[in-house]
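this one's structure only:
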């Protein structure tokens, strides 16, 4: 078992030996936020990291599967072409490592055996207790975003949020005895990747980063959505053009205005299965509703949709989502129309 072991100077790391690496809010051993990909390769030249080149504006990933004390681990570094290293993660546990690779059989066997996993500048490492983490970081902020499965995140040096920045510890094993968990992962994330917490009643805070959007997620009953958001949606006016979306779906429409642009948040419902999809539409003519609602003024574009606005070009859409939702087989919409599918997180 690894415990809180006292403060360690960041400069004491050996680039070729992750066991000596020190982790804080800006670095993991010799790897530092903002470092170029070339500098990263030089810093870890003595280690067999596998690189996956990012395409379509996606960051490149550098991965190394390791083993320490009989436990499998993964060191993963995300590198943006313009901003350099933007995130580095140490994940432990065979199931977790293989899940990152997409299946239980696709991850390689450990490539490097370590005498220990990296630890933070305050001596916290994999296996450290929650109590040790709080002792080392008395100002840490705990959230329960993963509370359903007995896990939590501890933001020790950085900014809390749905995607916190700085140094974040993942704590598991709290289901049976709350407060008794241990560290099983560490992540260092650049401020540029911050995602704030969502507010159900404020679509400007909703996240468009996954299969769903904000509180609008697939198969959820509309009654739950309405109760949580307390936002007033209207139906589609009889005979009105429903715009892009599932032809057979029932629509719930929330008129919005973002940066002076008039749009609609649309939820597509199935009578028996609940929400089937959602979209933010900026159309040449707003959708006609069965009752008149004043547009809800949003302070910002929902997270994840910046850049997809009225007049966005096909090239800009391709940069945001390479190939597009249809694999690039459809004609680009006219410049006066913008339809962007919502993808988001429940957190």
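Nice, thanks for sending it over. Just so we're clear, the structure is a prediction, and the values are computed from it rather than from any experiment.

Centre of the chain to the helix or strand hosting residue 278, how far?
If you go by DSSP states H and E, residue 278 is part of strand 274-282. Here strand 274-282 is found 20 Å from its chain centre; the criterion is C-alpha atoms, centre = their mean, to the nearest Å.

partners of the following helix or strand past that strand, with directions?
Sequence-wise, the next helix or strand downstream of strand 274-282 (DSSP H and E) is strand 296-298. Here strand 296-298 has these sheet partners by DSSP bridges: strand 250-258 (parallel).

The partner strand: how far from the chain's middle?
For strand 250-258, the distance to the chain centre is 25 Å (C-alpha atoms, centre = their mean).

That one to strand 274-282, inter-axis angle?
30 degrees (axes from the mean of the first three to the mean of the last three C-alpha atoms, to 10 degrees).

For whichever helix or strand comes after strand 250-258, which strands pair with it and how are they oriented?
On the C-terminal side of strand 250-258, the closest following helix or strand by DSSP H and E is strand 261-270. Strand 261-270 has the following strand partners under DSSP bridges: strand 250-258 (antiparallel), strand 274-282 (antiparallel).

And those strands, which one averages the lowest pLDDT?
Mean pLDDT is lowest for strand 274-282 out of the strands paired with strand 261-270, coming in at a mean of 86.

residues near residue 233, how many?
Number of residues near residue 233 (other C-beta atoms under 10 Å) recorded here: 20. C-beta coordinates here come from the backbone N, C-alpha and C atoms, glycine included.

actually residue 232, sorry about that
By the criterion of other C-beta under 10 Å, residue 232 has 13 neighbours.

Now it: phi and psi?
phi -100, psi 110 (degrees, to the nearest 10).

On the pLDDT front, check it for me.
Note for residue 232: predicted pLDDT of 94.

my guess is it meets residue 293, correct?
Yes: contact criterion C-beta atoms under 8 Å: residue 232 and residue 293 qualify, at 6.3 Å.

joint contacts of those two?
The contact sets of residue 232 and residue 293 overlap at residue 254 (C-beta atoms under 8 Å, 6 or more residues apart in numbering).

which residues of this protein score low on pLDDT?
1-13, 54-57, 102-106, 144-151, 173-180, 209-211, 304-313, 315-347 (pLDDT under 70).

if you go through it in chain order, where are the helices?
37-43, 94-100, 130-136, 222-229, 314-320 (DSSP state H).

elements contacting the fourth one?
When contacts are defined as 3 or more C-beta pairs under 8 Å, 6 or more residues apart in numbering; DSSP states H and E, helix 222-229 packs onto strand 261-270, strand 274-282.

Please point out which parts of the longest one sit buried.
So that's strand 261-270. 263, 264, 265, 266, 267, 268, 269 (16 or more other C-beta atoms under 10 Å).

Need the strands paired with strand 261-270 in CSV (columns: distance to residue 23 and mean neighbour count).
Output for those, formatted as CSV (distance: least, C-beta to C-beta, whole Å; neighbours: other C-beta atoms under 10 Å):
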stretch, distance to residue 23, mean neighbour count
strand 250-258, 39, 20
strand 274-282, 38, 21
